[in-house]
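Asker: pasting the structure only:
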Ligand code: TRP
């Protein structure tokens, strides 16, 4: 006889309308400011190819296997990250401590969105300016314009507010008619614009110099801080460890094969980062600019280039629209985990949940915006609020959650449940399983320990 627990099936969860729908939303989550803004500036600040090489290794050894594991957890749980972990912990008879995976994820996505939205706000401001065309000016003027924006709390908060409203508007629409529909509209256009721009960049700028900078092999340049930054970025760019993928996986039906689609998502995400890196550095070198300009790289170099290039107004505007699409589809995936938790936990309607969560994130974002100006003197561990949030999430919470997810999947869940859910068999299953059981956790642990070495 069936026992009570299993007989009372939970209410059926909404599902994406097809595997293509899941692919689009997941690529939408993965491809974001991480690819277009963070990857180029981190590569520039971390010595170019050394960073790229470690990043590619991390994607392959840690990122892809974990992307599959995280999707698998979500699909099996069919609930919010916390609800999912509750179910899986019960199924495995494991300690409640594993719920940490769910809680760290919810907290992480909440924190990330607070600063992500401020940066997306910069992009909105530049999109607005690009629509009118960037007036030609000496290169220092573009650096100054960016510093002026950061120094202006009113403008930062205005754009941050607009961006949070855009994000909330989509999530209000629900899983298929909000999130999936927005991705169906934006993602194909994003790829078309990117292809067009790369083609254009190949003719207008110094592609060979960019190529050398990104791919020239130089093992000696790899050091601890490069390792740490590259691993953090691999997590960030694939949206790992922070509840987003568990949540999107929870809207996936049982018929879809997880491994293939996850591999395709990772390939698409990596391609976008490399294409963006190539085109941006091609411009940077053609203009004789500094690759290690930091977070302002994208916003100082490109407007300069667009102000001088033939057709710069149209191309510049298209470029910033591309970045807005990328940021928007990612922020949606950062809002949904907390929303689904609030709905599940407090029995609130989606509308109320979206409003509450958005308000909380917005408030924190205001503090981030102020950390660039009024509160710039306030630091903790030598970091301003913005850097603190970025470091805490990318370099600590994500790898930690990733480690826990790997260990939980391979060592705590029953092997037959995992095999059943991932839908691999024979050799390919054992290969993936061993990577998740040994390679990914050991790689994360080594990089972590190295960092403790730096601190100690
Ligand atoms: N991956 C996105 C980017 O590259 C950012 C992002 C979206 C994210 N959802 C996430 C990062 C969840 C970590 C966790 O811009």
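Answerer: Received, thanks. As the structure is a computational prediction, the values presented were derived from the model and not from experiment.
Asker: in stretch 367-385, which residues are buried?
Answerer: Neighbour counts over stretch 367-385 (16 or more other Cβ atoms under 10 Å) mark 367, 368, 369, 370, 371, 372, 384, 385 as buried. (C-beta placed from N, C-alpha, C; glycine too.)
Asker: from residue 69, how far out is residue 428?
Answerer: 15 Å (Cβ to Cβ, to the nearest Å).
Asker: repeat that for residue 283.
Answerer: From residue 283 to residue 69 the distance is 38 Å (Cβ to Cβ).
Asker: more neighbours: which of these two?
Answerer: residue 69 (31 against 23; other Cβ atoms under 10 Å).
Asker: wait, residue 418 touches residue 433, no?
Answerer: Yes: using Cβ atoms under 8 Å, residue 418 is in contact with residue 433, at 7.1 Å.
Asker: intersection of neighbour lists for the two?
Answerer: residue 410 (Cβ atoms under 8 Å, 6 or more residues apart in numbering).
Asker: grab the nearest non-local neighbour of the residue of the stretch 251-400 of the chain found nearest the ligand.
Answerer: Relative to the ligand, the nearest point of the stretch 251-400 of the chain is residue 330 (3.8 Å; Cβ to the nearest ligand atom). Leaving aside its sequence neighbours, residue 330 sits nearest to residue 32 (Cβ to Cβ, 6 or more residues apart in numbering; 3.0 Å).
Asker: and the one you found, how many neighbours?
Answerer: Residues lying near residue 32 (other Cβ under 10 Å) number 29.
Asker: check contacts around it.
Answerer: By Cβ under 8 Å, 6+ apart, the contact set of residue 32 is 116, 237, 239, 326, 327, 329, 330, 331.
Asker: nearest to residue 124 among those?
Answerer: Among the contacts of residue 32, residue 327 lies closest to residue 124 (Cβ to Cβ), at 8.8 Å.
Asker: tell me, how many residues neighbour the closest one?
Answerer: 27.
Asker: got a list of what the closest residue to it other than its chain neighbours touches?
Answerer: Setting aside the residues directly before and after it, residue 327 is nearest to residue 120 in space (Cβ to Cβ, 6+ apart), at 4.0 Å. Contact partners of residue 120, counting by Cβ under 8 Å, 6+ apart, are 33, 159, 160, 163, 324, 327, 328, 331.
Asker: now swap in residue 234 and tell me
Answerer: By Cβ under 8 Å, 6+ apart, the contact list for residue 234 reads 55, 58, 59, 62, 63, 240.
Asker: how about those in TSV, adding secondary structure and distance to the ligand?
Answerer: As requested, the contacts of residue 234 are arranged in TSV below (DSSP: H, G, I helix; E, B strand; the rest coil; distance: Cβ to the nearest ligand atom, whole Å):
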residue	secondary structure	distance to the ligand
55	helix	12
58	helix	14
59	helix	12
62	helix	14
63	helix	11
240	coil	6
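Asker: same list, these, but as JSON lines with pLDDT please.
Answerer: Shown next, in JSON lines, are these (pLDDT from 0 to 100):
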{"residue": "55", "pLDDT": "94"}
{"residue": "58", "pLDDT": "93"}
{"residue": "59", "pLDDT": "96"}
{"residue": "62", "pLDDT": "93"}
{"residue": "63", "pLDDT": "96"}
{"residue": "240", "pLDDT": "96"}
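Asker: could I get those residues as TSV with neighbour count and distance to residue 233?
Answerer: Output for these, formatted as TSV (neighbours: other Cβ atoms under 10 Å; distance: Cβ to Cβ, whole Å):
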residue	neighbour count	distance to residue 233
55	27	6
58	25	8
59	23	9
62	28	11
63	27	10
240	26	11
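Asker: spatially nearest residue to residue 413, not counting backbone neighbours?
Answerer: In this structure, residue 413 finds its nearest non-sequential neighbour in residue 92, 5.2 Å apart by Cβ to Cβ, 6+ apart.
Asker: could I get the average pLDDT for the longest helix seen in the chain?
Answerer: Criterion DSSP state H: the longest helix present in the chain is helix 312-346. For helix 312-346, mean pLDDT rounds to 95.
Asker: list the buried residues in the strand or helix carrying residue 113.
Answerer: Here residue 113, judged by DSSP states H and E, is contained in helix 100-132. Within helix 100-132, the residues scored as buried using 16+ other Cβ under 10 Å are 100-102, 104-127, 129-130.
Asker: from those, which are also near the ligand?
Answerer: Filtering the buried residues of helix 100-132 for proximity to the ligand by Cβ under 6 Å from any ligand atom leaves 109, 112.
Asker: can you classify residue 75 by secondary structure?
Answerer: Using DSSP: H, G, I helix; E, B strand; the rest coil, the structure places residue 75 in helix.
Asker: show me the contacts for it.
Answerer: 249, 250, 252, 254, 258, 421.
Asker: can you get me a residue count around the third one?
Answerer: Other residues near residue 252 come to 23 when the count uses other Cβ under 10 Å.
Asker: before we move on, what about the fifth one?
Answerer: Using other Cβ under 10 Å as the criterion, residue 258 is surrounded by 22 other residues.
Asker: and the spatially closest residue to it that is not a sequence neighbour, what helix or strand is that in?
Answerer: Of all residues not flanking residue 258 in the chain, residue 71 sits nearest, at 5.1 Å (Cβ to Cβ, 6+ apart). Taking DSSP H and E as the criterion, residue 71 maps to helix 64-77.
Asker: what angle do that helix and helix 100-132 make?
Answerer: The directions of helix 64-77 and helix 100-132 differ by 110 degrees, with axes from the mean of the first three to the mean of the last three Cα atoms, to 10 degrees as the criterion.
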